[in-house]
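Colleague: Give the three-dimensional model of this entry:
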Amino acid sequence: MFKAVSEQIKRIASQKTEVIKQLESLLVGQVKVYIDYANVRPWANRLHWHIDLKRLKRFLDSFDNVNAVKFYYGTLEGDAESERRIQEAASLGYQVRTKPVKIMQISIDASSINPQSPALLESFIRRCLLKKYDIETIEYLNGKFQEMNKLGLLALSDQKCNFDVEIGSDMVLDKERGGTESYVLWSGDSDFHDPVSDLLGAGKKVALFATAGRVASELNGLKSKGLFIFEINKIRDFICWKREMPR
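Modeller: All right, here's what the predicted structure looks like:
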């Protein structure tokens, strides 16, 4: 049941009655929410607005049957902004799960690479696309690596911190513990196909909160089994940065 925890949420809800009714029909029984923040955060580029963690938590808290909001995000050790975000999420009441972000060095040393070889490019471009490139394109891109090498750049740093396994495991464990009827996943990653399918097969309600173009086809394929995909643009006014709210 929706019970606004602030006057601002109450005011916005009065203008979004159909959205609230839809959410109440989705969030039945005891509800747990799982936020894959590394997946969610880049949605801002497509949405052209940003999710405010404080406003999001207060909005979710307005549904009195949401008993846990789990937040998954890596910590870039030594980075003040990254550490601040984790602390902020914890202070707001999210159940935070984090681990160190891995920094990987990817070689771009083209000194011993045949100009027509895609060996270096395979670290950055999927093979199915590489196969479509002609020799001239590969030679051109390898030439760019050589230009960077001449400037002293022989490797690029990349960050990796994936929580698909942890989130999927937590969802399945929560099912086995019992007491949870509805599962809300904030992600569109194909790796969640199996745990979501498992939950649907067990008769649980599962809703995917995402944005158009950010849901893998594997998850879209589960709509026939009962998965509901909720477009988060519908709740923008509740959860976006205050300065991005429509006037």
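Colleague: Centroid-nearest residue for this protein?
Modeller: For the chain, the residue sitting closest to the mean C-alpha position, by Cα atoms, centre = their mean, is residue 39 at 2.1 Å.
Colleague: Distance check, that residue against residue 188.
Modeller: 7 Å (Cβ to Cβ, to the nearest Å). (Glycine included, C-beta is placed from N, CA and C.)
Colleague: Could you do residue 120 as well?
Modeller: 30 Å.
Colleague: ok, those two, which is more surrounded?
Modeller: Using other Cβ atoms under 10 Å as the criterion, residue 120 and residue 188 rank with residue 188 on top: 23 against 18.
Colleague: Show the backbone phi and psi for the residue nearest to residue 44 when sequence neighbours are not counted.
Modeller: Spatial nearest neighbour of residue 44, excluding adjacent residues (Cβ to Cβ, 6 or more residues apart in numbering): residue 50 at 4.6 Å. Here is the backbone geometry of residue 50 (degrees, to the nearest 10): phi -120, psi 150.
Colleague: can you list contacts of the helix or strand bottoming out on mean pLDDT in the chain?
Modeller: For the chain, counting by mean pLDDT, DSSP states H and E, strand 155-160 ranks last in confidence among helices and strands (a mean of 88). Applying Cβ atoms under 8 Å, 6 or more residues apart in numbering, the contact partners of strand 155-160 are 74, 76, 101-109.
Colleague: and the next element down the chain from that strand?
Modeller: helix 164-177 (DSSP states H and E).
Colleague: contacting residues around that following helix?
Modeller: Residues outside helix 164-177 that contact it (Cβ under 8 Å, 6+ apart): 32, 34, 36, 70, 72, 97, 180, 183, 185, 187, 189, 191-192, 194-196, 198-199, 202, 204.
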